[in-house]
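K.L.:
Quick one, fold the following:
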Amino acid sequence: MSEPKPSIGNTQLDMPLHKEKGQPDLRFLISDLTSYLETYLPQTQVSEVYRAYLFGADAHINQKRLSGEPYIYHPIAVAHILATMRMDHKCIIAAMLHDVIEDTPTAKSQLTEQFDEEVAELVDGVTKLTSLDFSSREEAQAASFQKMILAMTKDIRVILIKLADRLHNMRTLGVMRPEKARRIASETLEIYAPIAQRLGISRLRHELEDLAFQAHWPMRYRILREAVVKHHGFHKELTSGTLAAIRGQLMREKIHADVVYREKHLFSVYRKMRDRKVPFSEIADVVGFRIIVDDVDACYRVLGSVHHVYAPRPGRFKDYIAIPKASGYQALHTVLVGPHGGPIEVQIRTKAMDQVAESGVAAHWNYKSGEAGSSTARNSIDWLKNLLDVQKESANPMEFLENVKLDLFPGEVYVFTPKGKIIVLPKGSTIIDFAYAVHSQVGNHCVAARIDQRMVPLKTRLHNGETIEIHTAEKSRPNPRWLDFAVTSKARASIRSYLKNLQRQDAVQLGAQLLASELQLYGGSLEKYGQQVIEELREELGYSEFDDLLADVGLGNRPARLVAKRLADGGTEGDAGSGGEAQPLAAQRVNIRGTEGMVVSYARCCHPIPGDPIIGTFHPGRGIVVHHATCPNISDMRKYPENWVDVAWESSIKGSFPVVLRVEASNQPGVLATVASAIADAGSNIESIRTDDYDGRISVLLVTLSVHDRRHLSRLMKSLRHVPVVNRLTRIIG
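P.N.:
Down below sits the predicted model:
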């Protein structure tokens, strides 16, 4: 830089802040950064970065890192990492200042005044929330992560700064205590490396993973590193021969391409060994080959050329150009049979695809307009929008963090809508995950689905290439059982959010019903008590709203009879309850409705269904649990009559309720299909089935199926008794 370099505060740019033995000169570090920035930024913008350095150096003037070096070394290193990704100057400025709000007295308003609102927002986005506001370090970390993610949805540069910050911290992790280093490494593998992968920044992700691997399992890292070095030495000649053969074939076909071999990074090798439970000697693709060409057409021509040199392995070809990964990654992958029969992994992509593969969303982001300049950036925007939905439907930062972790699965499955749109989901995803990926309302009202024109259950797992058609019904609602097989964070957060809202509504309604029932024992009702009495009781019990009190009554956290007695005893003159302590009259029944897992839930031990004689028991936090009156598991509960609730079925109750039948049938071929067909003909669905041989001649089937009520069950059992192979049929209760 030719212009004079100003000073700010106590810091002179031309003089190093501090230099101890073995540490690089600070003047060299900042000069190296500005020289690199001048290769792609105009001089005025580089000067702004320089001014940010002066501001940051002054703010951190008396601070040192654990290594003993001046703290400003760290922001310069973070800025340099982002510079190698060719980030814009405001991102570099924010990187230089990313710790000043958190670690110095500097306020966000000072950054706005000295630079601008955009820089201040970026710095604030990566600033942790103070742990003093939370009950535990984990809760504080989760809240800070949630804050960062929300800032990232507004400006993706927030997460890029955080990833660069984490990378430099991982590079200098050696000064940490081993247990703290392992905790940071674990967090890196669980959150930050997967985010880098989701944004397509493979170069940064690979270094994060390898550094975390080294810190978390140092012995495993060292042994595997030695094994890889030996492997390269043994196979050097084979690698050179393969490289020459591929290059020679491409030259003969006059295809211009760069052919290089690449080493698989260590953590990837370790993960494959761990997941497949195989030794290093059985990992074939430690070294692969990458072929980079000018355009997409050349990619497919190269594919034919390499298949001409070495035969392809069946089932090992993947076309990520036609169907890109969720991160936007594109390439052709093929595995060939090498000269000695071993596999050779080859990736073929264009120069633009290679740039995206290395830098991901940072490669084609328009920072001036904030718009996506490539499929990678557009995919990232879609993911960020999904995170916003997840955040809105998460109850707290800890739940949000767990939901985001669920969404960072490395494996993917590609399926299609009936109109041909590609939906990318984590491996193991089900119909429910697909429905919520299409739209939250599609998921909430989902009732059935078809895969390639075949009707399938909602818990069916999806596979690549399938076409999914969702059927919805306006009155359908999420079922709590969906949480048993939903995989994606969006699906799980949406289901939980709906159920929590429904639970509160049901809790308030049930609480009002229980309280009204108890008040009738005193010859009164809520309407007969003055509003002042109700408000005084609410304040006395510490509730901000009367509905909160009713919800606690409905959930069993506060007994309805005690609330009713306090209301009755505190009633004003003329109200039911005046004239001394109120005395109860006759008991009343509480009608229940089929909320199936909400505030009124049904015991899984006895599976009561509408029409059964039932008894309700209170469980704090769960509300009323309904048992069959003959259930053997409630014998102990009879000792505590204060926890009983006299309940009855509503006449208009609707829904499906599980029952368990014990079917003794002749042991002959096709018996299971015969029984299943009879159950389906009776209008019921089988939820699960277990079989056992009774004495060689008789098979015992324990069938869990769904019915509407006792009448439906009676018709179904009558149909089953007419099946010739069925010898005996009983319902299991308890």
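K.L.:
CA only for contacts and neighbour counts going forward, please
P.N.:
Will do.
K.L.:
SS state for residue 704?
P.N.:
Three-state assignment for residue 704 (DSSP: H, G, I helix; E, B strand; the rest coil): strand.
K.L.:
so it sits right up against residue 688, yeah?
P.N.:
Yes: Residue 704 is within contact range of residue 688, at 5.2 Å (criterion: CA atoms under 8 Å).
K.L.:
what's the lengthiest helix in the chain packed up against?
P.N.:
Selection of the longest helix in the chain by residue count, based on DSSP state H, yields helix 489-520. For helix 489-520, the contact count by 3 or more CA pairs under 8 Å, 6 or more residues apart in numbering; DSSP states H and E identifies helix 375-392, helix 397-406, helix 431-438, helix 440-444, helix 546-554, helix 560-569, strand 590-592 as packing neighbours.
K.L.:
Residue 704 and residue 688: who's more crowded?
P.N.:
residue 704 (18 against 10; other CA atoms under 10 Å).
K.L.:
number of nearby residues for the nearest residue to the more buried one once chain neighbours are set aside?
P.N.:
Leaving aside its chain neighbours, residue 704 sits nearest to residue 660 (4.5 Å; criterion: CA to CA, 6 or more residues apart in numbering). For residue 660, the neighbour count with other CA under 10 Å is 23.
K.L.:
hang on, isn't residue 660 packed against residue 701?
P.N.:
No: the pair residue 660 / residue 701 is not scored as a contact, 10.0 Å apart, by CA under 8 Å.
K.L.:
Tell me which residues touch the residue nearest to residue 704, please.
P.N.:
Going by CA atoms under 8 Å, 6 or more residues apart in numbering, residue 660 touches 607, 702-705, 731-733.
K.L.:
Closest to residue 415 out of those?
P.N.:
Looking at the contacts of residue 660 and their distance to residue 415, the nearest is residue 705, at 30.3 Å (CA to CA).
K.L.:
which residues touch that closest one?
P.N.:
With contact taken as CA under 8 Å, 6+ apart, residue 705 is in contact with 658-661, 684-688.
K.L.:
So which of the residues you listed is the closest to residue 120?
P.N.:
residue 687 (55.3 Å).
K.L.:
now the stretch 501-650 of the chain, which segments are flagged as low pLDDT?
P.N.:
Low-confidence segments of the stretch 501-650 of the chain, defined by pLDDT under 70, are located at 502-503, 521-524, 529-530, 555-556, 569-599, 619-623, 637-643.
K.L.:
Could you report the separation of residue 487 from residue 456?
P.N.:
Separation of residue 487 from residue 456 (CA to CA, to the nearest Å) stands at 18 Å.
K.L.:
Neighbour count: those two, which is higher?
P.N.:
The neighbour comparison of residue 487 against residue 456 (other CA under 10 Å) goes to residue 487, with 24 against 14.
K.L.:
The residue lying closest to that one once chain neighbours are set aside: neighbouring residues, count only.
P.N.:
Residue nearest to residue 487 in three dimensions, not counting chain neighbours: residue 429, with 5.5 Å by CA to CA, 6+ apart. Neighbour count for residue 429, taken as other CA under 10 Å: 21.
K.L.:
in terms of contact, does residue 429 touch residue 488 like I think?
P.N.:
Yes: between residue 429 and residue 488 there is a contact under CA under 8 Å: 7.0 Å.
K.L.:
sorry, back to before: the residue nearest to residue 704 should be in a strand, yeah?
P.N.:
Yes: applying three-state DSSP, one finds residue 660 inside a strand.
K.L.:
May I ask you to confirm that residue 329 is in contact with residue 353?
P.N.:
Yes: assessed by CA under 8 Å, residue 329 is found in contact with residue 353 at 7.1 Å.
K.L.:
More neighbours: those two, which one.
P.N.:
Taking neighbours as other CA under 10 Å, residue 329 and residue 353 compare with residue 329 leading, 26 against 23.
K.L.:
Quick check: the gap between the more buried one and residue 155.
P.N.:
Per CA to CA, residue 329 is found 21 Å from residue 155.
K.L.:
cool, and residue 610?
P.N.:
In terms of CA to CA, residue 610 sits 53 Å off from residue 155.
K.L.:
Mind checking which of those two has more residues around it?
P.N.:
More crowded of residue 610 and residue 155, by other CA under 10 Å: residue 610, with 23 against 19.
K.L.:
Thanks a lot, catch you later.
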